[in-house]
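Novice: structure of the sequence below:
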Amino acid sequence: MKVYVARQPIFDQKLRVCGYELLYRRSEKNIFENVDDSLATADVIHNAYLVFNFRELTEGTRAFINFPQILIEGEVPSLLPRQSLVVEVLEHVEPTEKVLDALRSLRKKGYTIALDDFVFEEKYRPLIGLADIIKIDYQATPVEQQKKIISALGHRVEFLAEKIETKSEYDTAKRLGYKMFQGYYFSRPTVVHGAEVHPLRHTLTEVLKELDRPEPNFKRIAGQIERSVDLSYKMLRSVNTVYQKGRRTIRSIEQAIARIGLDEMRRWSYLMLLREMQISESKELIKQSVIRGKMMELIAEETMVGVAPFDAFITGIFSSLDIILDDSMQTLVEELPIERMAKAALLGERNVLRELLESVIAYERLTVPVNEDAPDWSRHYIEAIRWSRTLDESGE
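Specialist: Here you go, the predicted model:
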């Protein structure tokens, strides 16, 4: 299934790109199609950080992302790396104590706060005190009013002129003291698309049930996630890409959850659930990958000294990831915090995991030569099928 996001560059005074505003899109049509603000933001975050290569999407700069009231109050921006994010407070966010407390917390953690489509009203004064950047709609705000606002506040915040459509407007905005610029004069938003696999709604529901217990069981949560190839992939990628702590190798899904922490895990799960993902078109291929991964884990556990069963599991469940996500395996695995041997096997390099993967695939396709001395993997295969079914059968 294809997913979309639009990006519009933001320039500094020397016309260097200093960031991209990421915008919600449902198709290649470059228009905003009406949808709830929270769902739109969740979709942008999901696609930008977990489907696309974020560094390529922003070309190493910062992402400006709109956040509505409910997501600010829940401190959802703290899910994302502070170095590469500008939190845009939408213009209709009310400066309640809950909002102000959340923004104070985000600033304390090092996040950059921007006020979107700013129009001065006395009630917004507390928000101004927390802002690093103020965005002003050049088309909707009289030039004299812009001049007064920049004169009054320019000593402590940076101003960004949006909706600049001509060179004359750009020249005027520079004279007024704007530090950043955005608009059709420079570039219209461009739509990029990629393919993703949907996580299972039931899996997320069970994870969230467990997270809601007084003492959540990491092993139980990890077990649920491991039964979903897409969630396993996104969890491991999140640890490395989103949380910026995953440069060291992760040995298990359980360890990944522990590294993220319960609060972030809850936010992450709700964000996934918020998008109301549907069953993937690659359902059967995903099921096959899960069975393959479990089978490889069981074989490694029983017969392969010195090979971590988790590495065999990961090699198996991600072995068809390039087909499922319609992307190159090189691109998909390069940011995963998994063992080098597993990465090498997925990329086709010869090692024990690659040999095991090829043998298991040959077993699945019934192309294994008849050999009385060959290992009997039928019980591992049957056990892997049983294991993959337990999620569907636990129908609470």
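Novice: which SSE is residue 312 in?
Specialist: Per DSSP states H and E, residue 312 falls inside helix 309-317.
Novice: gap between that helix and the chain center?
Specialist: On the basis of Cα atoms, centre = their mean, to the nearest Å, helix 309-317 sits 22 Å off its chain's mean C-alpha point.
Novice: how near is the closest residue to residue 295 other than its chain neighbours to residue 292?
Specialist: Excluding the flanking residues, the one nearest residue 295 by Cβ to Cβ, 6 or more residues apart in numbering is residue 384, at 4.0 Å. C-betas here are computed from N, CA, C, even on glycine. Going from residue 384 to residue 292 by Cβ to Cβ, to the nearest Å gives 8 Å.
Novice: the more surrounded of the two?
Specialist: Taking other Cβ atoms under 10 Å, residue 384 and residue 292 do not tie; residue 292 has more neighbours (27 against 23).
Novice: mind telling me what element the more buried one is part of?
Specialist: Going by DSSP H and E, residue 292 is part of helix 283-303.
Novice: remind me what the helix holding residue 312 packs against, helices and strands.
Specialist: helix 229-237, helix 283-303, helix 340-346, helix 352-364 (3 or more Cβ pairs under 8 Å, 6 or more residues apart in numbering; DSSP states H and E).
Novice: go again with 6 Å.
Specialist: On a contact count with 3 or more Cβ pairs under 6 Å, 6 or more residues apart in numbering; DSSP states H and E, helix 309-317 meets helix 283-303, helix 340-346.
Novice: in the longest one, which of the residues would be classed as buried?
Specialist: It stands for helix 283-303. Across helix 283-303, burial judged by 16 or more other Cβ atoms under 10 Å covers 285-286, 288-300.
Novice: equivalent analysis for stretch 101-120, please.
Specialist: Applying 16+ other Cβ under 10 Å to stretch 101-120 flags 102-103, 106-107, 111-118, 120 as buried.
Novice: what about the residues you listed, which are in helices?
Specialist: Residues of those located in helices (DSSP state H): 102-103, 106-107.
Novice: any figure for the gap between residue 202 and residue 266?
Specialist: Taking Cβ to Cβ, one finds residue 202 at 17 Å from residue 266.
Novice: just for the protein, where's the confidence low?
Specialist: 1, 27-34, 194-201, 240-249, 270-283, 325, 335-337, 367-375, 390-396 (pLDDT under 70).
Novice: got the domain boundaries for it?
Specialist: 2-194, 198-274, 283-393 (automatic domain parsing).
Novice: let me see the ranges of the strands in this protein.
Specialist: 2-12, 17-24, 62-67, 85-89, 112-115, 133-137, 158-162, 180-181, 190-195 (DSSP state E).
Novice: would you turn those strands into a markdown table with distance to residue 310?
Specialist: Formatted as a markdown table, the strands of the chain follow (distance: least, Cβ to Cβ, whole Å):
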| stretch | distance to residue 310 |
| --- | --- |
| strand 2-12 | 29 |
| strand 17-24 | 34 |
| strand 62-67 | 32 |
| strand 85-89 | 31 |
| strand 112-115 | 37 |
| strand 133-137 | 43 |
| strand 158-162 | 46 |
| strand 180-181 | 45 |
| strand 190-195 | 26 |
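Novice: just say which of those strands is most tucked in.
Specialist: strand 85-89 (a mean of 26; mean count of other Cβ atoms under 10 Å).
Novice: what pairs with that strand, and is each one parallel or antiparallel?
Specialist: The sheet places strand 85-89 alongside strand 62-67 (parallel), strand 112-115 (parallel), with pairing taken from DSSP bridges.
Novice: between those, which one is closest to residue 388.
Specialist: The minimum distance between residue 388 and the strands paired with strand 85-89 falls on strand 62-67, with 36.0 Å, by Cβ to Cβ.
Novice: send me the closest one as PDB with only the CA atoms.
Specialist: In PDB, the C-alpha atoms belonging to strand 62-67 read as follows (Å, rounded to 0.1, in the frame of the first residue of the first chain):
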ATOM      1  CA  ARG A  62      14.800  19.900  10.600                       C
ATOM      2  CA  ALA A  63      11.200  18.800  10.100                       C
ATOM      3  CA  PHE A  64       8.500  21.400  10.900                       C
ATOM      4  CA  ILE A  65       5.400  19.400  11.900                       C
ATOM      5  CA  ASN A  66       2.000  20.800  13.000                       C
ATOM      6  CA  PHE A  67       0.600  19.700  16.400                       C
END
